[in-house]
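A.B. asks: predicted model, plus sequence, below.
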Amino acid sequence: MDGLHDEGTWHTVGQRAAVLAGAVTRFSTPGRGGIRRRRSAFSLTGEVLFSQLATPPPPLPRVALRDEDGTVQVYVPKLV
C-alpha cells in the first residue's frame, strides 16, 4: 500500500503529459464531498479563500500522489 496505513485506493486523475509541473489540475474522485464544496474556492495550499455556504467547509486535505508509468494517481483513504 505504498506505506499508507489504511485501506484506501489509488485513482487515476490524468496522464503525466497532460499535467504540467507545478500547474493546478482539477480532478474529482468517487464518493467525496464535491457538492458541499461547489460554492467555495480554495488556495493552492487548500485553505478556504471564500465560501457561499452557511458553514464554510474545512480546508482541503493533502493528497498522496504518484506517477505509475505516466499515469498520475491520487490516494483516496477509505471512508469510515
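C.D. replies: Arrived safely.

A.B. asks: please, which helix or strand holds P57?
C.D. replies: Counting by DSSP states H and E, no helix or strand carries P57.

A.B. asks: who's in contact with the residue at minimal distance from the centre of the chain?
C.D. replies: The chain has V63 as the residue nearest its centroid, 5.6 Å off, counting by C-alpha atoms, centre = their mean. By C-beta atoms under 8 Å, 6 or more residues apart in numbering, the contact set of V63 is V74, Y75, V76. Backbone N, C-alpha and C define where each C-beta goes, glycine included.

A.B. asks: and these as JSON lines, adding neighbour count and secondary structure?
C.D. replies: Listed next are those as JSON lines, based on neighbours: other C-beta atoms under 10 Å; DSSP: H, G, I helix; E, B strand; the rest coil:
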{"residue": "V74", "neighbour count": "17", "secondary structure": "strand"}
{"residue": "Y75", "neighbour count": "17", "secondary structure": "strand"}
{"residue": "V76", "neighbour count": "17", "secondary structure": "strand"}
